[in-house]
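Trainee: no sequence for this one, just the structure:
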């Protein structure tokens, strides 16, 4: 069973994503900010990380960069899941190492399609 780390400071958004993933057979873990997300990426070595952008402390772009540039975690795909929907945000996410970008509120079919594309 694939393991997905959800990094989001919004309990509501994290709950929505968690329910979609778990009802489709994925195992999930959660982190409530970027720093915790980076730590859990190292500890858990999930198959995929879903990363919010706007969070207190270490934001999602910086956390994504730390994960994708570190030799221990660089093979873990990161998908940005954010309410930010500008082309510049999407371009910046790619520059930080993100594999994909989903806009909140995330739709079930888009989420599952992105997950399947990256980890099967």
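Mentor: Alright, I've got the coordinates. Treat the numbers as computed from the prediction; the structure is a model and nothing was measured. Numbering: from 1, shown residues only.
Trainee: The protein: strands as residue ranges?
Mentor: Assigned by DSSP state E, the strands in the chain fall at 3-7, 27-31, 48-51, 78-82, 100-103.
Trainee: closest to residue 90 out of these?
Mentor: strand 100-103 (4.7 Å; C-beta to C-beta). (Each C-beta comes from the backbone N, C-alpha and C, glycine too.)
Trainee: quick one: buried residues of the closest one?
Mentor: Using 16 or more other C-beta atoms under 10 Å as the test for burial, strand 100-103 gives 100, 101, 102.
Trainee: Ok, stretch 14-34 next?
Mentor: Of the residues in stretch 14-34, those buried (16+ other C-beta under 10 Å) are 14, 16-18, 20-21, 26, 28-34.
Trainee: chain center to it: distance?
Mentor: 10 Å (C-alpha atoms, centre = their mean, to the nearest Å).
Trainee: gap between the two ends of that stretch?
Mentor: Start to finish, the residues bounding stretch 14-34 are 14 Å apart (C-alpha to C-alpha, to the nearest Å).
Trainee: Mean pLDDT and distance to residue 90 for the strands of the chain - can I get that in TSV?
Mentor: Formatted as TSV, these follow (pLDDT from 0 to 100; distance: least, C-beta to C-beta, whole Å):
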stretch	mean pLDDT	distance to residue 90
strand 3-7	98	18
strand 27-31	98	22
strand 48-51	98	13
strand 78-82	97	8
strand 100-103	98	5
